[in-house]
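Enquirer: Pasting the sequence and the predicted coordinates here, then a few questions.
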Amino acid sequence: MIRFLVFALLFATVGLDAQSAERVESEYKLGIPNEEAGLLWQYLQSHEFLSKLKSNYKLKTDISVEDFIDIYFDDEDLSLYNQKVGLRYRSRYVKDTLIKQLIQLKTPLLTDGVARTEIKYETKKSKDKNDVYARHQLLKYIKKKDRSNLNYQLAKFNTESLKMRKEVSLRQTRSRIYITDSIASLATITLDEVTNLVFPFQKYTEMELELNEIRYTKSNAEDKMKMERFNENLRNGLLAAFPSLYQDQTPKYNKMKQMIDRSWSSRLYKYRMWIILSIIIGIAVILLLFKK
């Protein structure tokens with residue numbers, strides 16, 4: 001009986017820890033042709049756009065450009081991909097200087113993909129020689145105290161951390177406008193140029209209009225609605241100004257994996273060693289036949 005109570009308490013604690021660490025992000029994702037990214041970013045920095053934004057809502061803005069390296073993990077059955085879940089190891093750079101590393105787990109909250117939950121885990125700062133998972137592709141980054149929490153979250157999607165392996169690696173150049181009102185940080189407008197780190201280096205560009213996740217998570221229903229209305233108006237204005245923009249809530253991991261899976265170049269690169277070996281064997285066989 002005592003063992004049962006201890007087990008139940010531990011299980012409940014994991015659930016509570018996971019719940020307390022969750023944040024809700026609300027964002028619109030807009031696709032745009034790669035060749036129009038520069039023009040769109042110029043418009044977002046223009047006096048025409050910023051002055052209208054500031055005068056209509058009395059906001060302050062700030063601009064930054066950052067780079068990210070994102071490694072996405074999944075199991076052999078692609079459980080996360082099929083359920084539009086993103087599990088990534090992220091490295092953040094500003095002017096080629098590493099600023100931060102963390103693990104992020106993003107899960108769908110609504111079917112339309114606009115709202116998602118996000119859980120962040122700090123990465124290990126040093127290697128532990130006594131850690132049995134020190135060579136695991138994912139767990140080597142996760143602190144021991146966070147591993148049960150991560151497994152608790154992944155169990156919701158019928159998988160576990162031990163099954164995780166590297167699936168897709170991306171580089172993002174992120175141009176971002178931070179928007180602040182009289183209360184606190186309100187939202188960000190982000191232009192992401194996303195590139196596959198592996199040949200043939202597929203690329204796509206997308207814009208994210210994201211409400212500040214900490215503020216949005218803590219807000220009451222009325223304030224959440226006000227923030228959502230702001231983001232919706234922002235989206236509608238940009239769609240009107242740039243007809244080539246289109247809403248596409250597909251997660252980054254899913255979007256790039258779809259591009260990779262449809263590419264013959266990616267398949268050739270994936271099996272390049274087998275192809276080279278087959279060519280060598282074929283040439284050797286031909287040479288032997290000619291000698292005879």
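Expert: Happy to help now that I have it. Numbers count the residues shown, from 1 in each chain.
Enquirer: Point out where this structure drops to low pLDDT.
Expert: Along the chain, the parts satisfying pLDDT under 70 run over 1-21, 292.
Enquirer: Break down it into its strands, ranges please.
Expert: Along the chain, counting by DSSP state E, strands occupy 23-32, 60-74, 86-94, 97-108, 115-122, 165-180, 185-196, 203-211, 246-247.
Enquirer: Take those and write them to a markdown table, including distance to Lys144 and mean neighbour count.
Expert: Backbone N, C-alpha and C define where each C-beta goes, glycine included. As requested, the strands of the chain are exported to a markdown table (distance: least, CB to CB, whole Å; neighbours: other CB atoms under 10 Å):
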| stretch | distance to Lys144 | mean neighbour count |
| --- | --- | --- |
| strand 23-32 | 23 | 20 |
| strand 60-74 | 18 | 17 |
| strand 86-94 | 17 | 19 |
| strand 97-108 | 13 | 16 |
| strand 115-122 | 11 | 18 |
| strand 165-180 | 20 | 18 |
| strand 185-196 | 32 | 20 |
| strand 203-211 | 32 | 20 |
| strand 246-247 | 41 | 14 |
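Enquirer: quick one, which of the ones you listed is nearest to Glu232?
Expert: strand 23-32 (7.9 Å; CB to CB).
Enquirer: Reformat the strands of the chain as a markdown table; add distance to Ile280.
Expert: Conversion of the strands of the chain to a markdown table gives the following (distance: least, CB to CB, whole Å):
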| stretch | distance to Ile280 |
| --- | --- |
| strand 23-32 | 43 |
| strand 60-74 | 32 |
| strand 86-94 | 36 |
| strand 97-108 | 41 |
| strand 115-122 | 45 |
| strand 165-180 | 28 |
| strand 185-196 | 28 |
| strand 203-211 | 33 |
| strand 246-247 | 47 |
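Enquirer: Point out the one among those that comes closest to Leu80.
Expert: Using CB to CB, the strands of the chain put strand 60-74 closest to Leu80, at 4.6 Å.
Enquirer: Thanks a lot, catch you later.
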